[in-house]
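# the sequence and its predicted three-dimensional model are supplied below.
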Amino acid sequence: TLPQRADPGVSRGELLDAVQNRPDVVAAQRQAAAAGTNTELAQASRVSAMGALATAIAHELNQPLTNIANYTQGLCNLVERQDDFKGRDEVIRVLHLCSNQAVRAGQLIHRLRDFVKGGKPHSAPNAVTEIIRDATALAMINGYKRAVHIDYDIPADLPPALVDHLQGQQVVFNLLRNAIEATDTEKGGQHEILISARQLDEARIEISIEDEGPGIDPAIANSLFDSFVTTKGGGMGVGLAICKQIIEANGGQISAGRSERLGGAAFRFTLPIYSNGQERQD
Ligand code: ADP
């Protein structure tokens with residue numbers, strides 16, 4: 001059976017009100033005001049507002065995402081019963097993909113909400129190649145195939161990293177999307193992106209994403225990883241801030257610079273290498 005209509009939820013005004021008047025946002029503003037500078041005030045309230053916003057968004061999106069997954073499943077069951085439906089298998093395959101993505105989006109949002117509320121990552125041994133493969137596949141589904149060619153330079157004997165798989169995937173996806181957007185100029189032709197990984201030392205793996213775009217705008221180079229810093233018209237400016245939070249929570253570091261090989265931007269981050277016996281930190 002197909003699900004009922006979505007619950008109308010709260011209005012936009014209520015949502016904004018909930019964010020602006022949350023006790024932690026107000027407390028952060030007071031604390032910064034006591035510290036005496038407007039810059040600190042702005043910074044503290046931005047960080048708290050981001051946490052509150054993530055919680056509000058998670059709450060709002062949960063219902064429609066569940067409905068998408070249920071409707072898709074319902075449709076799938078319907079199509080499965082139509083024996084004379086041409087292309088039935090393909091339709092079912094794509095419906096399953098839709099349903100999986102809705103479930104995945106829900107998981108991502110909840111992880112993000114838990115994360116900004118101070119939750120710990122679900123660290124486990126993960127193959128870096130798999131994290132990169134999943135993130136790339138996702139970027140391609142999202143219509144980024146266009147004129148981009150991705151090169152990989154990842155040694156087969158790379159040890160596993162100790163990282164939350166979904167969070168690692170989110171970081172690679174964000175960096176890849178930025179790289180694609182940076183190279184997506186009107187010049188035409190195919191744009192190169194290089195994703196590489198290497199063992200940096202006994203304890204760390206380094207993953208790099210390089211592009212041949214214009215590089216990082218010097219005007220924002222020092223605040224690149226701060227929330228709400230963007231040079232894009234419709235940009236939110238939270239992608240890199242989230243990447244930094246995730247990487248540091250997973251015991252790594254992230255930095256940006258210039259790509260020697262491709263001439264554009266290069267983003268690099270480290271992850272700890274998994275060594276036998278390390279416990280899951282659930
Ligand atoms: P958004 O993509 O919404 O702007 P981000 O936090 O992901 O937010 O990025 C912040 C800014 O960093 C971008 O607006 C852009 O100016 C710069 N940036 C990020 N990635 C790249 C890149 N690969 N090349 C050049 N600039 C970049």
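On my side now, so go ahead.
# if I pick residue 257, what's in contact with it?
Each residue near residue 257 by C-beta atoms under 8 Å, 6 or more residues apart in numbering is listed here: 265-266, 268. In this view, the C-beta of every residue, glycine as well, is placed from N, C-alpha and C.
# kindly reformat these as TSV containing distance to residue 250 and pLDDT.
Listed next are these as TSV, based on distance: C-beta to C-beta, whole Å; pLDDT from 0 to 100:
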residue	distance to residue 250	pLDDT
265	22	96
266	20	98
268	15	98
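# most neighbours among those residues, which one is it?
Using other C-beta atoms under 10 Å as the neighbour criterion, residue 265 leads these with 24 neighbours.
# that one reaches residue 212, doesn't it?
No - using C-beta atoms under 8 Å, residue 265 makes no contact with residue 212, being 9.2 Å away.
# joint contacts of these two?
In contact with both residue 265 and residue 212: residue 259, using C-beta under 8 Å, 6+ apart.
# how about the residue most central in space within the chain, what does it touch?
Nearest to the mean C-alpha position of the chain, by C-alpha atoms, centre = their mean, lies residue 170 at 3.2 Å. Residues near residue 170 by C-beta under 8 Å, 6+ apart: 108, 112, 135, 242-243, 246.
# most neighbours among these, which one?
When the contacts of residue 170 are compared by neighbour count (other C-beta under 10 Å), residue 246 ends up highest, at 24 neighbours.
# export the strand or helix carrying it to PDB, keeping only CA atoms.
Assigned by DSSP states H and E, residue 246 belongs to helix 239-249. Taking Å, rounded to 0.1, in the frame of the first residue of the first chain, the C-alpha atoms of helix 239-249 are listed here in PDB:
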ATOM      1  CA  GLY A 239      30.700  22.500   2.400                       C
ATOM      2  CA  LEU A 240      34.300  23.100   3.400                       C
ATOM      3  CA  ALA A 241      33.400  23.900   7.000                       C
ATOM      4  CA  ILE A 242      31.600  20.600   7.200                       C
ATOM      5  CA  CYS A 243      34.600  18.800   5.600                       C
ATOM      6  CA  LYS A 244      36.900  20.300   8.200                       C
ATOM      7  CA  GLN A 245      34.700  19.300  11.100                       C
ATOM      8  CA  ILE A 246      34.300  15.800   9.800                       C
ATOM      9  CA  ILE A 247      38.000  15.200   9.100                       C
ATOM     10  CA  GLU A 248      39.100  16.600  12.500                       C
ATOM     11  CA  ALA A 249      36.500  14.500  14.300                       C
END
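# who are the packing partners of that helix?
Other elements packing on helix 239-249 under the criterion 3 or more C-beta pairs under 8 Å, 6 or more residues apart in numbering; DSSP states H and E are helix 88-116, helix 165-183, strand 254-258, strand 265-272.
# can you list the strands that the shortest one pairs with?
With DSSP bridges as the test, strand 254-258 is paired with strand 265-272 (antiparallel).
# centre of the chain to the strand it pairs with, how far?
Taking C-alpha atoms, centre = their mean, to the nearest Å, one finds the center of strand 265-272 at 15 Å from the center of the full chain.
# which bits of the stretch 101-250 of the chain sit near the ligand?
Residues of the stretch 101-250 of the chain lying near the ligand by C-beta under 6 Å from any ligand atom: 174, 178-179, 182, 211, 213, 215-217, 220, 224, 229-232, 235-241.
# out of those, which are buried?
When these are checked for burial by 16 or more other C-beta atoms under 10 Å, the buried set is 174, 178-179, 182, 211, 213, 215-216, 224, 229, 237-241.
# neighbours around residue 104, how many?
Neighbours of residue 104 using other C-beta under 10 Å come to 16.
# oh sorry, the question was meant for residue 157
Residue 157, neighbours per other C-beta under 10 Å, totals 5.
# so who does it touch?
Residues in contact with residue 157 (C-beta under 8 Å, 6+ apart): none are found.
# which non-adjacent residue is nearest residue 252?
Nearest non-adjacent residue to residue 252, counting by C-beta to C-beta, 6 or more residues apart in numbering: residue 270, 4.2 Å away.
# pLDDT value on that neighbour, please?
pLDDT, residue 270: 98.
# so it versus the ligand, what's the distance?
18 Å (C-beta to the nearest ligand atom, to the nearest Å).
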